[in-house]
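1. Output the structure for:
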Amino acid sequence: MYDVTFDQSPDRRVLWIARALALAAVAAVASSAEAQLPGAPVLQNAWATPGLVAAANFAGGSGESVVAGAVGWSPGSARFQLSAGAGYQNQSGFAGRPVYGARVAMPFGGTSSAFGFGAFAGVGGGAARKAKIDIPKVGGGTTTTTVADTVSWTTEIPVGASVGYRRAIGSNHGLSAYATPAWVFYSGGTNSGGLFRVGIGVDVGITRSLGATVGVDFGGTRVKELGGPSSSQYGVGISYALGHR
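-> All right, here's what the predicted structure looks like:
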């Protein structure tokens, strides 16, 4: 925040307004369309983007990858954000499958403040996993088939918080860094349970409408056979704020 209480000169007011507008420009792309997709890190900025945002994302971890698209929407007040996404997940030892998710986030900081915090919750899942099994053939060799995996989880539900810092760079660019500690509950299969994970993300405002995101999350793990994260997960994305900025 910038203190203007003791200096109300025109130059000081203009400087404060310029800084506030620059931070508002960062807010235009400070939060990409984050949904809750299995196989992707849980990343949530501390600010919301008024209007509609579309994003393309690539994520992965040990032996897995996800390609997905997402959309997010927030009202003009930016007091909350709704997002949803869908994609395709590949995992070593399993057939690829479609995945999907949704999330709601509520920022609590000022729309033009340098520091922000918020809370979020989501739900994600996908088609039942199918394990790849090699079956010996008569005469030698093997053939690969798939069987339904009834042991692994079917749904994940994260509940967490976000805290972030952003800085304007000129009038059209900016950078935002944030942390998202979350408790993620995995249900279904034979062993439901929860894990504590922490995500670290950086959003870069390339223009007033175009942004890029990189991030990673780490923490508790589950064995691969049960589903869920068995290692750290990373993600990269490109987001575009639709409409006039």
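
2. Where does the prediction get shaky in the protein?
-> 1-32, 111, 134, 137-153, 171, 189, 244-245 (pLDDT under 70).

3. Run through the strands of it in chain order.
-> All strands of the chain, identified by DSSP state E, fall at 51-61, 64-74, 81-91, 94-107, 115-126, 130-136, 142-148, 155-169, 173-187, 193-205, 210-219, 233-241.

4. I'd like these as TSV, with distance to Pro41 and mean neighbour count appended.
-> All C-beta atoms are positioned from the backbone trio N, CA, C, and that covers glycine. As requested, the strands of the chain are exported to TSV (distance: least, CB to CB, whole Å; neighbours: other CB atoms under 10 Å):
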stretch	distance to Pro41	mean neighbour count
strand 51-61	6	20
strand 64-74	10	20
strand 81-91	13	21
strand 94-107	12	19
strand 115-126	12	20
strand 130-136	24	12
strand 142-148	27	10
strand 155-169	10	19
strand 173-187	9	20
strand 193-205	5	19
strand 210-219	4	20
strand 233-241	4	21
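
5. so which of the ones you listed gets nearest Ala35?
-> In terms of CB to CB, the element of those nearest to Ala35 is strand 81-91, at 3.3 Å.

6. For the closest one, which helices and strands make contact with it?
-> Secondary-structure packing of strand 81-91 (3 or more CB pairs under 8 Å, 6 or more residues apart in numbering; DSSP states H and E): strand 51-61, strand 64-74, strand 94-107.

7. Ok, which of the ones you listed comes nearest Gln36?
-> Taking CB to CB, strand 94-107 is the member of those nearest to Gln36, at 3.5 Å.

8. and that closest one, how far from the chain's centre?
-> Here the centre of mass of C-alpha atoms in strand 94-107, compared against the chain's by CA atoms, centre = their mean, to the nearest Å, lies 9 Å away.

9. and it with strand 64-74, angle?
-> Comparing the axes of strand 94-107 and strand 64-74 via axes from the mean of the first three to the mean of the last three CA atoms, to 10 degrees yields an angle of 30 degrees.

10. Select, out of the strands of the chain, the one closest to Ala40.
-> With CB to CB, the closest approach to Ala40 among the strands of the chain belongs to strand 51-61: 3.7 Å.

11. The closest one: partners in the sheet, and parallel or antiparallel?
-> Strand 51-61 has the following strand partners under DSSP bridges: strand 64-74 (antiparallel), strand 233-241 (antiparallel).

12. number of nearby residues for Thr190?
-> Residues near Thr190, counting by other CB atoms under 10 Å, number 10.

13. correction: Gly170
-> Neighbours of Gly170 using other CB under 10 Å come to 9.

14. Would you mind measuring from it to Thr49?
-> Separation of Gly170 from Thr49 (CB to CB, to the nearest Å) stands at 19 Å.

15. and what of Tyr165?
-> Taking CB to CB, one finds Tyr165 at 17 Å from Thr49.

16. what do you get for Gly235?
-> Distance, Gly235 to Thr49, by CB to CB: 18 Å.

17. Same check on Leu210?
-> Plainly put, Leu210 is 12 Å away from Thr49 if you go by CB to CB.

18. do Pro181 as well
-> 22 Å.

19. Kindly report the same for Gly60.
-> According to CB to CB, Gly60 stands 25 Å off from Thr49.

20. Equivalent analysis for Ala84, please.
-> 15 Å.

21. do the same with Leu195
-> 29 Å.

22. With Gly160 instead?
-> As for Gly160, its distance to Thr49 is 19 Å (criterion: CB to CB).
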